[in-house]
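Undergrad: sequence unavailable; structure follows:
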C-alpha cells in the first residue's frame, strides 16, 4: 500500500517533535485495546501517534493520522481517523 497523498488527502503536518531524535515507544491504552483498536485513546505524546503525519480529506475535511511501520522486509502505512472524543 502506498502512503497517503493528493488529490483526496492533504498533508496538514506532523505530530513528531523535531527536537526529539527518538520519540518514546511507550503506549497508552484503555482496558482491552491496542493502539489500532477503534476505541483506543489517541495519546498524541505516546507511540505510535508521536510518529504520525496528520492528513485531511479535501472533500469531507475529516482528519486522519498516518503511521508508517518499517518492518524488516516491508513498509506498512497505517491510517486512523481522528476522533476528537478519544484524544488524551
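TA: Ah, there it is. It should be emphasised that the depicted structure is a prediction, and the values quoted were computed from it without experimental measurement. Residues are numbered from 1 along each chain as shown.
Undergrad: could you use CA atoms for every contact and neighbour count after this?
TA: OK.
Undergrad: which residues touch residue 13?
TA: 53, 54, 55 (C-alpha atoms under 8 Å, 6 or more residues apart in numbering).
Undergrad: residue 56 pairs with what?
TA: According to DSSP bridges, the residues that bridge with residue 56 are residue 10, residue 63.
Undergrad: surely it touches residue 11?
TA: Yes - with contact defined as C-alpha atoms under 8 Å, residue 56 counts as touching residue 11 (6.7 Å).
Undergrad: that older thread, most neighbours among the contacts of residue 13, which one is it?
TA: Neighbour tally across the contacts of residue 13 (other C-alpha atoms under 10 Å): the maximum, 26 neighbours, falls on residue 55.
Undergrad: pretty sure it is touching residue 9, no?
TA: Yes - Residue 55 is within contact range of residue 9, at 6.2 Å (criterion: C-alpha under 8 Å).
Undergrad: give me every residue that touches residue 15.
TA: Here residue 15 is in contact with 44, 49, 50, 51, 52, 53, 54 (C-alpha under 8 Å, 6+ apart).
Undergrad: ok, 6 Å please
TA: 50, 52 (C-alpha atoms under 6 Å, 6 or more residues apart in numbering).
Undergrad: residue 48: how many residues sit nearby?
TA: 25.
Undergrad: turn the contacts of residue 13 into JSON lines, including pLDDT.
TA: Putting those into JSON lines (pLDDT from 0 to 100) gives the following:
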{"residue": "53", "pLDDT": "93"}
{"residue": "54", "pLDDT": "95"}
{"residue": "55", "pLDDT": "93"}
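Undergrad: for this protein, give me the ranges with low pLDDT.
TA: Applying pLDDT under 70 to the chain flags the ranges 1-6.
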